[in-house]
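Trainee: following is a predicted model, sequence given first.
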Amino acid sequence: MENTVDVVLIYPKTGMDFGPTVAPPYALLTIAAPLHKDGHRIKIIDQRVDKQWEEHLLEALSTKPICVGISCMTGTQIYFALEAAKIVRGAADGNIPIVFGGTHPTILPEQTIKNEYVDIVCVGEGDITFPELVRALQSHGSLAKVDGIVFKNGSNITMTQSRPLLDVETLLPTPWELIEVESYIHRDLYLKESCRNLDIGQTSRGCPFNCGFCSSASIRQRKWRAMSVEKSLHNIVEAVRRFKLTGIWIRDDEFYINRERASKICEGMIRENLNIHWYTSGTRIDVFNKATDEQVALLKRSGAYVLKYGAESGSNRILQLINKGITIDDTIKANLKAKKHGIIPAFALMIGFPTETLEETNQTIDLSFRLRKDNPAAQLEAMAIYTALPGTPMYKLAIENGLKPPESFEDWANWNFDEYDLPGKRIPWFDYKRRKKLGNISYMGILSNAIPNMIDSINNVFIRYIVKFLYMPLKFYYRLRLKKKWYTRAPDLAIIKFIRGKIFYKSYLILK
């Protein structure tokens, strides 16, 4: 059959899928690469960009593929992953194996495998595991010989030997031909002077630090593994020239941890005359502060436009609690250093940690205004509310403070970013009034900081400036309310929250 599909790979909706937030599904592309190289016919279905994903899934299933792979993180993606899995189960007499992978199944594989719509779980990095699994399924070989999986055999559950972390230098090139790349090229939230921006993937994996709220330590064993300068540069140059990009996002957890390596990549970008803007999420404040002026100037010359930093809190006690390894003074110093070199810093902040006082929450708000006062160009993301995730260093502390985790895989679907955790499922260490205040603070942060960035990502120049002009009073109104700490009563935010839910959570009921 001409349109036969060997393997179907599904990337579920996240619940916040619009324009520049939608990056290529690298979780699928990396595991597809070796299979694609071997001649297997791969169908990638990305629910975020494919409005007819159900129809396309049914078409692929009609050819009876070897298996269907689904990647998901904790939260909303689990809901949409299970929606897809139900369709798979109902096709071909229910005989197509359903394989789950990603961060959440990796951390809780034994709970995940118990779900009726999960047949096999890939634990850890699937780049080698998944292709081996596909070959075993195709040849009807023994799954027990495939390292790094959990699988069902009737009522029995088997966990095979764990697989070591791979050598990232052996990763194959991204098989761009498996997706419609133009669906992922956008005007960006941060690269505002660039119109053709693409997340080009990672040049390294992992992080050696142990921040309390982050699952990287659990999944990747606090090991930082980098591609060579040559391989990293090749991947960057190939993507920029192939897709005529004017900007890129380097999605490393820690791109700048080895400043000498990063500098060599920057030198190569200059040498290749790429003439692009770029940004990366992976910039530690303390590491950046150690960089020399020459090294930071090199970043700027290579096109570094925005660097994203995890400032997290305006309280030194909270920074110590979450094991961040920085102080407020470090954040202030990094902000001024970025300003000196004409690089825009984008700061991520969090509130609502266990034991956090209202005064400490207010200190985080004050820090956000201090950063912008010192550096008017500084960007601030939404002030996120801490959500305890399984596998993170602080998870035990959250449980000690009253957290009761979901008891089934499907119940984790509601463990998503929610500014109003009024039932107290995710932040039970605060009473109703305090949770309400946190929700108001978070929403005001979205309305005063994140929404203006979203408006700047609108492609149409005329529409962008009209919307920007019309929204300006709201932006300053909510910034003023945050600055003055006028967040106790905010009935207007309930209306905005309802509208947001209708736009981003279509067909998804967040159960309370």
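Mentor: Structure received.
Trainee: when you work out contacts or count neighbours from here on, use the C-alpha atoms and nothing else.
Mentor: Noted.
Trainee: which element is residue 248 on?
Mentor: In this assignment (DSSP states H and E), residue 248 forms part of strand 247-250.
Trainee: ok, that strand: who's next to it in the sheet?
Mentor: strand 197-199 (parallel), strand 277-280 (parallel) (DSSP bridges).
Trainee: show me what it is in contact with.
Mentor: Identification of contacts with strand 247-250 by C-alpha atoms under 8 Å, 6 or more residues apart in numbering yields 191, 194-203, 240, 276-281.
Trainee: can you give the distance from that strand to the centre of its chain?
Mentor: Put simply, strand 247-250 sits 15 Å off its chain's centre (C-alpha atoms, centre = their mean, to the nearest Å).
Trainee: could you do stretch 212-225 as well?
Mentor: For stretch 212-225, the distance to the chain centre is 14 Å (C-alpha atoms, centre = their mean).
Trainee: next one: stretch 450-470
Mentor: Remark: stretch 450-470 is offset 24 Å from the chain centroid, using C-alpha atoms, centre = their mean.
Trainee: mind listing what's buried in the top helix by length along the chain?
Mentor: Among the segments of the chain that qualify as a helix by DSSP state H, the longest is helix 461-483. Neighbour-count burial for helix 461-483 flags 468, 471, 475, 478-479, 482 (criterion: 16 or more other C-alpha atoms under 10 Å).
Trainee: report all helices and strands that that helix contacts.
Mentor: On a contact count with 3 or more C-alpha pairs under 8 Å, 6 or more residues apart in numbering; DSSP states H and E, helix 461-483 meets helix 358-374, helix 432-445, helix 451-456.
Trainee: among those helices, which is nearest residue 169?
Mentor: Nearest to residue 169 among the helices and strands packed on helix 461-483 is helix 451-456; the distance by C-alpha to C-alpha comes to 35.2 Å.
Trainee: return the list of helices and strands in contact with that closest one.
Mentor: When contacts are defined as 3+ C-alpha pairs under 8 Å, 6+ apart, helix 451-456 packs onto helix 461-483.
Trainee: orientation of the helix it packs on relative to helix 358-374 in degrees?
Mentor: Angle of helix 461-483 versus helix 358-374, following axes from the mean of the first three to the mean of the last three C-alpha atoms, to 10 degrees, is 130 degrees.
Trainee: all helices for the stretch 151-300 of the chain, in order.
Mentor: Under the criterion DSSP state H, counting those that start in this stretch, the stretch 151-300 of the chain contains helices at 216-220, 229-242, 259-271, 285-290, 293-302.
Trainee: what's the most buried one of those?
Mentor: helix 216-220 (a mean of 20; mean count of other C-alpha atoms under 10 Å).
Trainee: other SSEs contacting that one?
Mentor: Packed next to helix 216-220, using 3+ C-alpha pairs under 8 Å, 6+ apart, are helix 103-107.
Trainee: check which element follows the helix it packs on along the chain.
Mentor: By DSSP H and E, the next helix or strand past helix 103-107 is helix 109-113.
Trainee: and the average pLDDT for that following helix is what?
Mentor: Here helix 109-113 scores 97 as its mean pLDDT.
Trainee: which residues belonging to stretch 481-490 are considered buried?
Mentor: Neighbour counts over stretch 481-490 (16+ other C-alpha under 10 Å) mark 482, 487, 490 as buried.
Trainee: hmm, I was thinking of stretch 46-53
Mentor: Buried residues in stretch 46-53, counting neighbours by 16+ other C-alpha under 10 Å, are found at 46-49, 53.
Trainee: of all the residues you listed, which comes closest to residue 165?
Mentor: For the buried residues of stretch 46-53, the residue nearest residue 165 by C-alpha to C-alpha is residue 46; the value is 26.4 Å.
Trainee: look up how far residue 69 lies from that closest one.
Mentor: In this structure, residue 46 and residue 69 are 12 Å apart, going by C-alpha to C-alpha, to the nearest Å.
Trainee: quick check: neighbours shared by those two?
Mentor: With C-alpha under 8 Å, 6+ apart, residue 46 and residue 69 have common neighbours residue 10.
Trainee: low-confidence ranges, this structure, go.
Mentor: Scanning the chain for pLDDT under 70 picks out 1-2, 416-422, 500-512.
Trainee: what's the domain layout of it?
Mentor: Domain assignment of the chain by automatic domain parsing yields the ranges 7-159, 185-504.
Trainee: how about these in TSV, adding distance to residue 167?
Mentor: Shown next, in TSV, are those (distance: least, C-alpha to C-alpha, whole Å):
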stretch	distance to residue 167
domain 7-159	10
domain 185-504	7
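Trainee: of all these, which lies closest to residue 168?
Mentor: domain 185-504 (5.8 Å).
Trainee: what's residue 66 in contact with, if anything?
Mentor: So residue 66 contacts 6-7, 96-97, 134, 137-138 (C-alpha under 8 Å, 6+ apart).
Trainee: and what of residue 20?
Mentor: 184-189, 457.
Trainee: is it fair to say it lies in a strand?
Mentor: No - counting by DSSP: H, G, I helix; E, B strand; the rest coil, residue 20 is not part of a strand but helix.
Trainee: one step back: between the contacts of residue 20, which is nearest residue 380?
Mentor: residue 189 (11.4 Å).
Trainee: how close does that closest one sit to residue 282?
Mentor: From residue 189 across to residue 282, the span is 16 Å (C-alpha to C-alpha).
Trainee: and residue 174, by the same measure?
Mentor: Noted for residue 174: a distance of 21 Å to residue 282, by C-alpha to C-alpha.
Trainee: what sits up against the longest helix of the chain?
Mentor: Residues from elsewhere that reach helix 461-483 (C-alpha under 8 Å, 6+ apart): 365-366, 369, 441, 444-445, 447-449, 452, 455-458, 487.
Trainee: follow-up on the earlier one: of all the domains of the chain, which one is nearest residue 179?
Mentor: Taking C-alpha to C-alpha, domain 7-159 is the member of those nearest to residue 179, at 6.9 Å.
Trainee: endpoint to endpoint, that closest one covers what distance?
Mentor: 23 Å.
Trainee: before we move on, what about stretch 192-205?
Mentor: End-to-end distance for stretch 192-205, by C-alpha to C-alpha: 27 Å.
Trainee: also stretch 280-292?
Mentor: The separation between the terminal residues of stretch 280-292, taken as C-alpha to C-alpha, is 19 Å.
Trainee: with stretch 373-383 instead?
Mentor: The first and last residues of stretch 373-383 sit 17 Å apart, counting by C-alpha to C-alpha.
Trainee: likewise for stretch 288-295?
Mentor: End-to-end distance (C-alpha to C-alpha), stretch 288-295: 10 Å.
Trainee: quick check, residue 388 in contact with residue 214.
Mentor: No - counting by C-alpha atoms under 8 Å, residue 388 stays clear of residue 214, with 9.1 Å between them.
Trainee: higher neighbour count, the two?
Mentor: Counting neighbours by other C-alpha atoms under 10 Å for residue 388 and for residue 214 shows that residue 388 has the greater number, 25 against 19.
Trainee: spatially nearest residue to the more buried one, not counting backbone neighbours?
Mentor: residue 395 (5.7 Å; C-alpha to C-alpha, 6 or more residues apart in numbering).
Trainee: burial of the one you found, as a residue count?
Mentor: Neighbourhood size, residue 395 [other C-alpha under 10 Å]: 20.
Trainee: phi and psi next, for it.
Mentor: When quoted as degrees, to the nearest 10, the phi and psi of residue 395 stand at phi -60, psi -40.
Trainee: for it, give its distance to residue 354.
Mentor: Residue 395 is 10 Å from residue 354, by C-alpha to C-alpha.
Trainee: also residue 49?
Mentor: Distance from residue 49 to residue 354, counting by C-alpha to C-alpha: 37 Å.
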